[in-house]
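J.: sequence-free structure coming up:
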Ligand code: ING
């Protein structure tokens with residue numbers, strides 16, 4: 001018995017600041033058509049796939065910042081992506097900057113999220129995730145070769161109906177979403193693992209150079225795969241990680257988009273730094289081999305010994 005899902009990792013090369021949404025959507029559609037030619041049923045696009053990675057710049061004019069955000073999804077620029085995907089009966093995952101006026105559950109305040117959606121093969125949004133682990137910093141730090149101001153431009157969602165690592169029944173399986181820095185934190189996968197996740201979809205924009213820790217730069221691709229492969233294996237789930245990469249406005253970002261099996265093995269990978277589709281036929285039933293044995297959570301976990309994980313934020317060494 002197998003539950004096959006043919007997945008396409010739709011990697012993007014750099015998006016120039018001046019590139020219009022229409023030009024970007026043309027690139028997304030080109031990858032969608034490649035996917036259709038290969039029998040792909042689900043296409044995964046990167047984080048913030050509609051614009052350049054704008055948190056690399058310090059901006060103070062809110063109108064300039066908000067130009068990078070979407071107020072509706074689908075919106076004027078993305079409607080044709082939804083229409084074509086539905087026509088071809090291909091689902092997709094798309095990362096974008098989401099501006100929510102009078103957000104419910106947020107006391108009516110305007111909120112700005114780093115968001116990803118899951119769209120089914122009929123073109124319906126069946127899942128939405130707002131990035132929880134926002135890396136970087138909130139104030140201008142001119143010592144850096146480039147900024148990483150996600151903590152300035154995005155809000156962390158409140159826990160509740162919209163906030164959190166969720167898993168949805170879709171594509172005849174259990175699919176979850178996360179975004180970029182989330183993939184480095186084991187809690188991300190485990191919270192979804194505790195909901196039975198069979199495939200985690202994520203996009204990332206990861207500079208090769210990390211200003212606070214340049215000694216990590218040569219390991220950036222290794223850390224990328226290490227994090228996703230560990231998350232996959234330790235939770236018996238597929239992981240699809242898709243890069244926005246290459247040189248984007250002078251900033252070099254890693255590629256390495258990969259489709260990873262519940263075994264932790266990379267079964268497909270992009271090999272360029274540009275727009276490229278990597279495809280794999282994924283049997284969702286392969287998750288059971290791990291979820292019912294080594295990582296049978298109900299049998300083996302001992303949460304009474306894990307309380308520090310939720311009770312404590314920063315590390316506190318013994319006296
Ligand atoms: N980007 C990076 C990421 O987590 C980063 C930020 C780079 C953190 C290198 C640590 C080291 O992949 C985003 N957008 O989260």
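T.: Done, it's in. Just so it is clear, the structure is predicted and the values come from calculations on it, not from any experiment. Residues are numbered from 1 along each chain as shown.

J.: for this structure, which spans come out with low pLDDT?
T.: By pLDDT under 70, the weakly predicted segments of the chain are 103-106.

J.: so which bits of it are right by the ligand?
T.: 135, 180, 181, 184, 204, 205, 206, 210 (C-beta under 6 Å from any ligand atom). In this view, the C-beta of every residue, glycine as well, is placed from N, C-alpha and C.

J.: chain neighbours aside, what residue packs nearest to the second one?
T.: Nearest residue to residue 180 in three dimensions, chain neighbours excluded: residue 204, at 4.0 Å (C-beta to C-beta, 6 or more residues apart in numbering).

J.: tell me what the one you found is bridged to.
T.: Here residue 204 sits in beta bridges with residue 243, as judged by DSSP bridges.

J.: tally of neighbours for it?
T.: Counted by other C-beta atoms under 10 Å, the residues lying close to residue 204 total 27.

J.: I'd guessed it sits against residue 224; true?
T.: Yes: applying C-beta atoms under 8 Å as the test, residue 204 and residue 224 come out as touching, 7.4 Å apart.

J.: find residues that contact each of those two.
T.: 183, 241 (C-beta atoms under 8 Å, 6 or more residues apart in numbering).

J.: coming back round to it: and the residue nearest to residue 180, what does it touch?
T.: Residue 204 sits in contact with 46, 47, 179, 180, 181, 183, 224, 241, 242, 243, 244, where contact means C-beta under 8 Å, 6+ apart.

J.: kindly recompute the last result at 6 Å.
T.: Each residue near residue 204 by C-beta atoms under 6 Å, 6 or more residues apart in numbering is listed here: 47, 180, 243.

J.: with residue 298 instead?
T.: Residue 298 makes contact with no residue, according to C-beta under 6 Å, 6+ apart.

J.: do you know how far it is from residue 111?
T.: When distances are taken as C-beta to C-beta, to the nearest Å, residue 298 and residue 111 turn out to be 36 Å apart.

J.: which stretches of the stretch 1-150 of the chain form strands?
T.: 4-11, 42-44, 91-100, 111-119, 125-130 (DSSP state E, counting those that start in this stretch).

J.: pick the most deeply packed of the ones you listed.
T.: Sort these by mean neighbour count, taking mean count of other C-beta atoms under 10 Å, and strand 42-44 sits at the top with a mean of 28.

J.: please identify the pairing partners of it and their relative orientation?
T.: When sheet partners are counted by DSSP bridges, strand 42-44 sits next to strand 4-11 (parallel), strand 91-100 (parallel).

J.: give me the contacts around the shortest one.
T.: Strand 4-11 is contacted from outside by 31, 35, 39-45, 171, 240, 242-243, 257, 259, 270, 276-284, using C-beta under 6 Å, 6+ apart.

J.: list buried residues within those.
T.: Applying 16 or more other C-beta atoms under 10 Å to these, the neighbour count classes 31, 35, 40-45, 171, 240, 242-243, 257, 259, 270, 276-284 as buried.

J.: would you turn the strands of the stretch 1-150 of the chain into CSV with distance to residue 235?
T.: Compiled in CSV, the strands of the stretch 1-150 of the chain are given as follows (distance: least, C-beta to C-beta, whole Å):
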stretch, distance to residue 235
strand 4-11, 17
strand 42-44, 18
strand 91-100, 18
strand 111-119, 18
strand 125-130, 17
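
J.: roughly how far is stretch 310-319 from the heart of the chain?
T.: Relative to its parent chain, stretch 310-319 has a centroid offset of 28 Å by C-alpha atoms, centre = their mean, to the nearest Å.

J.: could I get the buried residue list for it?
T.: For stretch 310-319, burial by neighbour count (16+ other C-beta under 10 Å) applies to no residue.

J.: and the end-to-end length of that stretch?
T.: For stretch 310-319, the separation between the terminal residues is 21 Å (C-alpha to C-alpha, to the nearest Å).

J.: what bridges to residue 253?
T.: In this structure, residue 253 has the following beta-bridge partners (DSSP bridges): residue 207, residue 246.

J.: how many neighbours does it have?
T.: Here the count is done by other C-beta under 10 Å, and residue 253 has 23 residues near it.

J.: now residue 14
T.: Neighbour count for residue 14, taken as other C-beta under 10 Å: 22.

J.: quick check: it touching residue 243?
T.: No: at 10.6 Å, residue 14 and residue 243 do not qualify as touching, with contact defined as C-beta atoms under 6 Å.
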